[in-house]
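1. Sequence and predicted structure below; questions after.
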Amino acid sequence: MVKTETRDGFVLVTLASDKIRATFMDLGATILSLCVRDRHGDWQDVVLGYESLTDYETYKGYLGAIIGRTANRIREGRFTLEGTTYQLPVNNGPNSNHGGEKGFAFRPFTVADTTEDSVTFALHSPDGEEGYPADLDVAVTYRIEGSTLVIEYDATPDGTTLVNLTNHAYFNLDGRATYIGDHWLEIQADAYGHVDGDILFTGETKDVTGTIFDFRKSRRIGGALESGDVQIETATG
């Protein structure tokens, strides 16, 4: 089932089945809620969100939003591409983060298509927007497959540029109000990337063996979050 409505000036699209319900907003092509049934059969919203829709226009947590043109930080907001150096807005300490001052998370997308189990949001980013070269057309499709929410990204530039899209949802499988530290996690990774004080990747990878970052066997997340490790403190989790 698909339902489209307008609320507080925003376009909302809801996809629903007997196993999963998800609501999205045109601003930032944002996941507003993702509800699944818990072990008791009750619906739980497992992604974090703000209290009101207008909060998404100004709050910098990027909850559930599409991040672009590039996710994460670019040192001093500067990069060189094909011999030309580009300067981006600096919006996170000395660096440019998540697409700049008005990245994709704060841009209204167009609802380009809906089906009974999917919605596609589209956005045109012109050459020079937030300092990035080339026109760029982006399409993000959310689709329900059984009990799974699938996200597909498509980005087509008319020249060479940087593109690194992601979704910025924060998950809590026990609902929004509970502590994430009691979740158990398994990650089949032998190394982790080291970051500096500005949360920029230093280029150094470190072996997880004997560290709090070793999740090759399932264990409680809280042990790492509560460790006081400088990497955890730098990233506030």
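-> Sure thing, it's come through. Nothing here was measured: the structure is a model prediction, and the numbers come from that model. Numbers count the residues shown, from 1 in each chain.

2. how near is the most centrally placed residue in the chain to Leu88?
-> The residue lying closest to the centre of the chain (C-alpha atoms, centre = their mean) is His168, at 1.5 Å. Applying C-beta to C-beta, to the nearest Å, the value for His168 to Leu88 is 18 Å. (Each C-beta comes from the backbone N, C-alpha and C, glycine too.)

3. sorry, back to before: enumerate every residue touching the residue nearest to the centre of the chain.
-> His168 makes contact with 62-67, 71, 98, 105, according to C-beta atoms under 8 Å, 6 or more residues apart in numbering.

4. Find the nearest non-adjacent residue to it, please.
-> Tyr62 (4.0 Å; C-beta to C-beta, 6 or more residues apart in numbering).

5. pretty sure His124 is in contact with Ala134, am I right?
-> No. Here His124 lies out of contact with Ala134, judged by C-beta atoms under 8 Å, at a distance of 11.7 Å.

6. Residue most distant from the centroid, the chain?
-> What lies farthest from the middle of the chain is Gly83; by C-alpha atoms, centre = their mean that is 30.5 Å.

7. Helices of the protein, start to end?
-> All helices of the chain, identified by DSSP state H, fall at 222-225, 230-234.

8. returning to what we had before: doesn't His98 make contact with the residue nearest to His168?
-> Yes. If you go by C-beta under 8 Å, Tyr62 and His98 touch, sitting 6.1 Å apart.

9. and for these two, which residues touch both?
-> The contact lists of Tyr62 and His98 share 105, 168, where a contact means C-beta under 8 Å, 6+ apart.

10. From the contacts of His168, which land in strands?
-> 66-67 (DSSP state E).

11. Out of the contacts of His168, flag the one nearest to Asp38.
-> Nearest to Asp38 among the contacts of His168 is Gly64, at 20.1 Å by C-beta to C-beta.

12. Next, count neighbours for that closest one.
-> Gly64 has 25 neighbours, counted by other C-beta atoms under 10 Å.

13. mind listing what it touches?
-> Neighbours of Gly64 in contact, by C-beta under 8 Å, 6+ apart: 28, 30-32, 47-49, 167-170.
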